[in-house]
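Undergrad: Only the shape, not the letters, is given here:
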């Protein structure tokens, strides 16, 4: 599902080049769940952006579901990402002038779905928000906004879900509810999950745990990140 080969990301600055990712090799099996922990600034979010095709690596190759992202221009990459990848952020990134239903329908409409609103209603039902479909983000609690964002991320039935600190803006109880919902839907849909988190307990919920430090990645047990555990697939 995910294959990264010697991936580097280097940014330019007034003080010179800044190396964010330093030769990342990573293989993640389809249907598995993988967490990445590490200190702030270690490159975790950049890794997620590279896997999601949001950021291009400076060097190296990224393949998702057998597709080399480097072979796609921006338009084709956007289509591929909309079809294959769902992304859940710490900040909910909902459109404030749209209702929950309209927010979830946006990626479906962009994909040309004729029944975008019917499908969006189904996704909201999956996350328990049918009764709040006509409410705007400002009328929703933090947990309800993240549920809406999750419904939107899953709207096109992606094979890969990327989650960047999905409980970071939520209180402990609400965060726990979102985590249970996230993993339940991941199992039901047999999706691949790549989760960025600073919470050890949340990271431990995944079948495999990685640590990012100084732009380099390794399994928590010290093995190379490219080596997959035999029991990785849920």
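TA: Happy to help now that I have it. What you are looking at is a predicted structure, and each value in this text was computed from that prediction instead of being measured.

Undergrad: Only C-alpha atoms from now on, for both contacts and neighbour counts.
TA: Noted.

Undergrad: what about the helices in this structure?
TA: For the chain, the helices defined by DSSP state H occupy 44-51, 74-84, 100-110, 116-126, 142-153, 172-189, 200-203.

Undergrad: so can I have a markdown table of the ones you listed showing mean pLDDT, mean neighbour count and distance to residue 67?
TA: Conversion of the helices of the chain to a markdown table gives the following (pLDDT from 0 to 100; neighbours: other CA atoms under 10 Å; distance: least, CA to CA, whole Å):
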| stretch | mean pLDDT | mean neighbour count | distance to residue 67 |
| --- | --- | --- | --- |
| helix 44-51 | 95 | 21 | 12 |
| helix 74-84 | 93 | 16 | 9 |
| helix 100-110 | 95 | 23 | 21 |
| helix 116-126 | 96 | 20 | 26 |
| helix 142-153 | 94 | 24 | 20 |
| helix 172-189 | 91 | 15 | 21 |
| helix 200-203 | 90 | 15 | 27 |
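
Undergrad: Any idea which of these gets closest to residue 214?
TA: Minimum separation from residue 214 across the helices of the chain (CA to CA) falls at helix 44-51, 9.9 Å.

Undergrad: Which strands or helices does that closest one pack on?
TA: Here helix 44-51 is seen to pack against strand 18-28, strand 59-64, strand 160-164, strand 192-196 when contacts are counted using 3 or more CA pairs under 8 Å, 6 or more residues apart in numbering; DSSP states H and E.
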